[in-house]
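Student: need coordinates for the below:
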Amino acid sequence: MEQFKMLKEISDGKLYRAEDMVNAGAGGCRNCSWCCEDMCDTIFLDPYDIYALCKGIGKEYTDLIKEDYLEIGLHNLISMPHIKDRGNGCGFLTENKRCSVHDFRPGICRMFPLGRYYHDNTFSYILQTHGCRAQVHEEVKIRDWLGIRDLEKYEEYVHRWHAVIKSLSDFMMKPAQPGVKGKTHERFLKHFYEIPYDLNEDFFPQIYERIRDW
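Tutor: Next up, the predicted model:
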């Protein structure tokens, strides 16, 4: 009940599926890049985001770190990469304040102003009511808004990745011998991020193999 009360405070209180219509469209974000300039320290990236960025940009994950596009931060007590705020917003913004990686942008950017609400061993989409600054929103189908090929496969991956993060976060909350958690952070980053993915092969079999080995 408390979780649902919190949900109503940040959203319209409804749970959505991919085929549902929702007032999330912002007219192509005309003359607006506020979310890209103000929120990038919160854009944590999962392995699918890294795979898509590396494939789209033609750089490796380590290059994105070295060139200050990404940095490591704590998310749910876990060390994870996120888009680095360069002082005036996301480093992927052009001089005209347009997204240079829009076709392969991260999942959080792709959803906004939607979010995910995990419940009953699955997840639903929610509409965040205090996110986008656009005055008028258009009704769009969530599937179209996300624009993700093989959305069903992607949603299954999101579900399985969330289970990995939840389990690791629970471990990080427990007492442990000195150094154990630090080594776990290092192993997690190397296993899921630093070791390159084969960009010429389908992502999903690769990540499921890594999840099995984790």
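Student: show me where pLDDT drops low in the chain?
Tutor: Applying pLDDT under 70 to the chain flags residues 1-6, 40, 135-136.
Student: and the longest helix anywhere in it, what does it pack against?
Tutor: Of all the segments of type helix in the chain, defined by DSSP state H, the longest one is helix 151-172. Packing partners of helix 151-172 (3 or more C-beta pairs under 8 Å, 6 or more residues apart in numbering; DSSP states H and E): helix 47-57, strand 78-83, strand 122-127, helix 180-189, helix 203-213. For glycine as for every other residue, the C-beta is placed from the backbone atoms N, C-alpha and C.
Student: which secondary structure elements does the first one contact?
Tutor: Under the contact definition 3+ C-beta pairs under 8 Å, 6+ apart, helix 47-57 sits against helix 61-66, helix 151-172, helix 203-213.
Student: compute the inter-axis angle for it and strand 78-83.
Tutor: Helix 47-57 and strand 78-83 are oriented at 30 degrees to each other (axes from the mean of the first three to the mean of the last three C-alpha atoms, to 10 degrees).
Student: mind listing what's buried in helix 47-57?
Tutor: Under the neighbour-count criterion of 16 or more other C-beta atoms under 10 Å, helix 47-57 has 47, 48, 49, 50, 51, 52, 53, 54 buried.
Student: quick one, it and helix 203-213 angle?
Tutor: With the same axes, to 10 degrees defining the directions, helix 47-57 sits at 140 degrees from helix 203-213.
Student: all set, thanks.
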